[in-house]
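Engineer: below is the sequence, then the predicted model.
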Amino acid sequence: VATGDASGTLGTGNSFYSIGIIKTTDAGATWNLTNMSYYLSNGKVTSRLILSPHNPDIVIAATSEGIYKTTDGGTTWNLKRTGNFRDMICSISDYNIVSASVFSRSGSTSLFRSSDFGDSWEQVHDIPGASRVVFAVTPVKPNRVYALCSRNMYSSYHSLIISEDN
């Protein structure tokens, strides 16, 4: 579980920040911090986790510091891409393909793509005037990715971008 509230942190002090990623190995009876842990006063945000559909020990995490990946169930985390990442989503047609978005307070955000389940990332699209992007996919069109964008500092709707090729 990614703790905290990534959408609630803007201008609210420390009350919504993350303490890191917690995990259970007994169906939720107990929870423990993984080795990605913080103090609230660190001001870190962990906003999205994606578990490998093939191996539950492989997880990628979108954080305010970048995208991290673990292959050992959270014992070690490796930084794969720096940036203030907010959302990620796997392709339905190929789970190795992951889309990710950067949160931008300056109003020019970027979209990134990985074709190896988070080991490497390439910047694929810039969105001037947008701060936040959230993704959606649908089994009806498995190669389609929707990116809903908000204007700078959440002021209003910016755009809907649709990719037909992941």
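Structural biologist: Received it, and whenever you're ready, just let me know what you need. Residues are numbered from 1 along each chain as shown.
Engineer: just the C-alphas of stretch 103-113, formatted as CSV.
Structural biologist: Once side chains and other backbone atoms are set aside, the C-alpha atoms of stretch 103-113 remain, and they are given as CSV (Å, rounded to 0.1, in the frame of the first residue of the first chain):
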residue,chain,number,x,y,z
PHE,A,103,3.2,16.4,-11.8
SER,A,104,4.3,19.9,-12.5
ARG,A,105,3.6,23.0,-10.5
SER,A,106,5.1,25.2,-13.3
GLY,A,107,2.4,24.1,-15.7
SER,A,108,4.3,22.0,-18.3
THR,A,109,4.1,18.3,-17.6
SER,A,110,5.4,15.3,-19.5
LEU,A,111,4.4,11.7,-20.2
PHE,A,112,6.8,8.8,-20.1
ARG,A,113,6.7,5.2,-21.3
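Engineer: name the residues of that stretch that are buried.
Structural biologist: For stretch 103-113, burial by neighbour count (16 or more other CB atoms under 10 Å) applies to 103, 104, 109, 110, 111, 112, 113. In short, each C-beta sits where N, CA and C put it, glycine included.
Engineer: who's in contact with residue 61?
Structural biologist: Listed by CB atoms under 8 Å, 6 or more residues apart in numbering, the contact partners of residue 61 are 2, 21, 36, 46, 48, 49, 67, 68, 69, 70, 77.
Engineer: excluding residues flanking it in the chain, which one is nearest the last one?
Structural biologist: Excluding the flanking residues, the one nearest residue 77 by CB to CB, 6 or more residues apart in numbering is residue 68, at 4.4 Å.
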